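Asks: this one's structure only:
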C-alpha cells in the first residue's frame, strides 16, 4: 500500500450522509453497552468484552469547547507502523464508514473520524479487524440502515485513500490514543459528554477521552 497522504486540493464532497454519532440515539441518550462479546456481522470472530473505562481522577471535563483546538492537516503525519492482519475488505469497511460519518467534511475531519476507528481497533474491545470495529453493535448509526448510500467515484477514491493511509501508519496526532474512543456531533448533547474530557474538534465533531458510562 502507498504510504502517501491523500491529495488535499480536491473538490467539495457532496454526499448525503446520515449522521455521525457514536453510542447515542437521535435524542442524545446513551446507548446501553451490550454485555456479551462483540461479534462482527461480517467476520464471525469472538472478541473480548468491552471494559468499563474509568475517568482519571485528575481530569476535569472541558466545558468550554471553544478552547479546544481544531484538527488541521498538519496534525496528520506518518508516525506509526502499518497495521497487521487487515485485508482489502477491511480497507473498504473503513473507507465507507469514513464516507458515511464525515463524507461532507474537510479532509482533516475525515481523517479524525478514521483515527477513532484505528484507536478502537488498537484498544481491542470492538474486534481485531476494521470490519468488526465498523459493524460492532449500535456504534455507528448508519450501520442500522437497510439501504446503502451510493457514493461517487471521487468520494470513494478519497475515502479509500484515507483508509489506506491510516492502515499504513498515518496518524492524527492529537487523537492517536487508545483512550480516545468516542465523539459526537455538536447538534446533540449526550449525558456522557458532561463528565468526560474534550480533547479536540474536527468539523462538527467533538472528541473525548476516558469515557465512562
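Replies: Okay, I see it. In this text, all values refer to a predicted model and were calculated from it rather than measured experimentally. Residues are numbered from 1 along each chain as shown.

Asks: I'd say residue 169 and residue 79 touch.
Replies: Yes - Residue 169 lies in contact with residue 79 (C-beta atoms under 8 Å); the separation is 6.9 Å. Heads up, the C-betas are built off the backbone N, CA and C, glycines and all.

Asks: pLDDT weak spots in the chain?
Replies: 1-65, 192-195, 212-213 (pLDDT under 70).

Asks: Of residue 169 and residue 79, give the one with the bigger neighbour count.
Replies: residue 169 (16 against 11; other C-beta atoms under 10 Å).

Asks: how much space between that one and residue 156?
Replies: Residue 169 sits 22 Å away from residue 156 when distances are taken as C-beta to C-beta, to the nearest Å.

Asks: Could you do residue 149 as well?
Replies: Distance from residue 149 to residue 156, by C-beta to C-beta: 12 Å.

Asks: same thing with residue 70?
Replies: From residue 70 to residue 156 the distance is 26 Å (C-beta to C-beta).

Asks: which of these two has more neighbours?
Replies: When neighbours are counted by other C-beta under 10 Å, residue 70 and residue 156 differ, and residue 156 comes out ahead with 17 against 13.

Asks: wait, doesn't that one sit right on residue 91?
Replies: No - between residue 156 and residue 91 there is no contact under C-beta under 8 Å: 11.4 Å.

Asks: shared neighbours, the two?
Replies: When contacts are counted by C-beta atoms under 8 Å, 6 or more residues apart in numbering, residue 156 and residue 91 are jointly contacted by no residue.

Asks: What ranges does this structure have for its strands?
Replies: 76-78, 170-172, 182-185, 197-202, 205-209 (DSSP state E).

Asks: residues touching residue 159, list them.
Replies: Applying C-beta under 8 Å, 6+ apart, we find residue 159 in contact with 95, 96, 98, 99, 103, 110, 151.

Asks: which one is the second one nearest to, not counting chain neighbours?
Replies: Right, residue 96. Excluding the flanking residues, the one nearest residue 96 by C-beta to C-beta, 6 or more residues apart in numbering is residue 159, at 6.9 Å.

Asks: Any figure for the gap between the one you found and residue 94?
Replies: Residue 159 is 8 Å from residue 94, by C-beta to C-beta.

Asks: before we move on, what about residue 148?
Replies: Distance of residue 148 to residue 94, computed by C-beta to C-beta: 16 Å.

Asks: more crowded one of the two?
Replies: Neighbours were counted for residue 148 and for residue 94 using other C-beta under 10 Å; residue 94 has more, 26 against 9.

Asks: I'd guessed the more buried one sits against residue 120; true?
Replies: No - shown here, residue 94 and residue 120 do not form a contact pair, counting by C-beta under 8 Å, at 10.9 Å.

Asks: Give me the common contacts of these two.
Replies: Here residue 94 and residue 120 have no joint contacts, going by C-beta under 8 Å, 6+ apart.

Asks: what's around residue 191, how many residues?
Replies: 11.

Asks: do you know how far it is from residue 171?
Replies: For residue 191, the distance to residue 171 - C-beta to C-beta - is 30 Å.
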